[in-house]
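**Student:** model the structure of this input:
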Amino acid sequence: MLEQLRGDKSINVKNEQSTMPKGPVHCPYCEAVSVYLLSSLDVNRKSTTDSFDYYKCSGCDLIFLDPRPDDMGPFYKNLYTPIPKTLSQLRAIAKTEEYRMESILKYKQSGKLLEIGPWIGIFSCNAKDAGFDVTTIEMDPQCVDFLRNVVGVQAVQSSDPATAMNAMDEKFDVIALWHSLEHLPNPWVVLQKAAERLAPGGILLIAVPNIESYDFSVLRAAWMHLDAPRHLFFYTASSLKEICSANGLGTLELTTSDSLSRRLSRMAWHMRATSIIPIKYVRGVVGLLMYHFADHMCEGNGSGLTAVFTKPK
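**Tutor:** Predicted structure coming up:
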């Protein structure tokens with residue numbers, strides 16, 4: 001049972017043994033030779049029976065999916081819950097995630113805020129209610145319509161946030177990417193453009209899955225937040241700090257023990273228990289016990305990485 005919960009005697013080892021690297025792979029960012037890390041099925045959505053390979057760059061530590069599917073559309077089909085019908089319904093959802101504003105409000109209390117990949121606008125709604133002038137970049141046309149007409153924020157429809165930012169003239173006091181960076185095909189370009197769009201003294205918040213977490217080290221391919229093949233890239237704490245520094249940004253905060261990280265860890269262990277234990281109440285208890293054990297072992301190194309960077313004045 002313990003080996004099944006860990007994932008290293010089930011889908012993980014099976015996949016890593018059955019899908020081996022077939023030749024040198026080069027990092028799409030720095031072009032250094034990269035080392036095979038692991039393979040995974042679409043554990044979360046089971047949209048395909050294909051296996052997907054991840055590599056780690058020996059130069060910049062970027063972890064990336066290779067090869068990348070030509071058409072990502074099928075892997076996102078029916079992925080999200082329905083859009084709320086009213087602003088009141090959205091606010092009820094947003095209230096459960098007010099803690100995300102803490103990372104912003106300790107540095108900025110007002111100003112122009114840009115969120116990249118807002119979905120239905122949970123964070124954007126909280127930011128608007130806190131007094132920020134909110135702009136968003138979102139690819140889904142229905143979400144864009146909801147953001148404009150219900151949430152009441154500016155919304156740019158685009159699947160290419162780097163190009164969308166490049167077309168903007170305004171500078172932002174805050175730019176936020178809540179678990180959207182790992183989905184983007186060229187995240188380093190997005191980070192470059194975000195740094196350019198920041199006003200002097202502005203902050204860039206980036207939240208991504210923590211590929212260096214204790215949870216990943218145990219669960220491996222069964223880790224919920226690997227989310228193959230939708231998650232194309234993973235930054236380690238040091239590699240994220242380095243690329244932001246290369247774009248002229250200083251580090252204000254970098255944590256793997258905030259409220260979001262702990263929630264992501266609970267989700268990962270609950271999903272793992274759910275996948276192997278058929279009895280509802282038993283898997284709930286086992287998942288909670290495994291989370292508490294992992295929380296004790298990880299010493300604050302949870303499933304999420306939240307970082308805040310600043311542009312010098």
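**Student:** need the contact list for L226.
**Tutor:** L226 is in contact with 40, 43, 54, 209, 216, counting by C-beta atoms under 8 Å, 6 or more residues apart in numbering. Bear in mind the C-beta positions are built from the backbone N, C-alpha and C, glycine included.
**Student:** make it 10 Å
**Tutor:** By C-beta atoms under 10 Å, 6 or more residues apart in numbering, the contact set of L226 is 38, 40, 43-44, 52, 54, 63, 65, 182, 209, 211, 216, 219-220, 234, 268.
**Student:** likewise L204?
**Tutor:** Applying C-beta under 10 Å, 6+ apart, the residues contacting L204 are 114, 172, 174-177, 191, 194-195, 197-198, 244, 247, 249, 252, 307-311.
**Student:** among these, which are in helices?
**Tutor:** Judged by DSSP state H, helices contain the following of the contacts of L204: 191, 194-195, 197, 244.
**Student:** most neighbours, which of the residues you listed?
**Tutor:** Within the ones in helices among the contacts of L204, A194 tops the neighbour count with 27 neighbours, counted by other C-beta atoms under 10 Å.
**Student:** you'd agree it is up against L184?
**Tutor:** No: A194 lies out of contact with L184 (C-beta atoms under 10 Å); the separation is 11.2 Å.
**Student:** residues contacting the residue nearest to M271 when sequence neighbours are not counted?
**Tutor:** Nearest non-adjacent residue to M271, counting by C-beta to C-beta, 6 or more residues apart in numbering: M224, 4.6 Å away. M224 makes contacts with 43-44, 209, 215-216, 264-265, 267-272, 274-275, 303, as judged by C-beta under 10 Å, 6+ apart.
**Student:** just the ones in helices from those residues, please.
**Tutor:** 215-216, 264-265, 267-272, 274-275.
**Student:** how close does the nearest residue to N166 once chain neighbours are set aside sit to I175?
**Tutor:** In space, and not counting its chain neighbours, N166 is closest to K193: 5.8 Å by C-beta to C-beta, 6+ apart. As judged by C-beta to C-beta, to the nearest Å, K193 and I175 stand 9 Å apart.
**Student:** with V218 instead?
**Tutor:** Distance, V218 to I175, using C-beta to C-beta: 33 Å.
**Student:** then Y29?
**Tutor:** With distances taken as C-beta to C-beta, Y29 is found 20 Å from I175.
**Student:** dihedrals phi and psi, T163?
**Tutor:** With angles defined as degrees, to the nearest 10, T163 shows backbone torsions of phi -70, psi -40.
**Student:** before we move on, what about D169?
**Tutor:** Taking degrees, to the nearest 10 as the convention, D169 sits at phi -100, psi -30.
**Student:** coming back round to it: ok, which pair from the ones in helices among the contacts of M224 is furthest apart?
**Tutor:** Farthest-apart pair in the ones in helices among the contacts of M224 is F216 and T274; separation 18.0 Å (C-beta to C-beta).
**Student:** those two - which one has more neighbours?
**Tutor:** Neighbour count, other C-beta under 10 Å: between F216 and T274, F216 has more, with 23 against 15.
**Student:** now do the contacts for the residue nearest to the more buried one when sequence neighbours are not counted.
**Tutor:** The shortest distance from F216 to any non-neighbouring residue, by C-beta to C-beta, 6+ apart, is to W223 (4.7 Å). The contact partners of W223, by C-beta under 10 Å, 6+ apart, come to 7, 12, 38, 40, 43, 209, 211, 213, 215-217, 268-269, 271-272, 303.
**Student:** which one of these is nearest Y107?
**Tutor:** Nearest member of these to Y107, counting by C-beta to C-beta, is P209, at 23.1 Å.
**Student:** which ones are touching the closest residue in space to that closest one that isn't next to it in sequence?
**Tutor:** Residue nearest to P209 in three dimensions, not counting chain neighbours: H225, with 3.9 Å by C-beta to C-beta, 6+ apart. By C-beta under 10 Å, 6+ apart, the residues touching H225 are 44, 179, 182, 208-211, 213, 215-216, 219, 231, 234, 264-265, 267-268, 271, 303-304.
**Student:** once you drop chain neighbours, what's closest to Y54?
**Tutor:** Per C-beta to C-beta, 6+ apart, closest to Y54 is L37, 4.6 Å.
**Student:** touching, the one you found and Y55? I think so.
**Tutor:** Yes: under the criterion of C-beta under 10 Å, L37 makes contact with Y55 at 5.8 Å.
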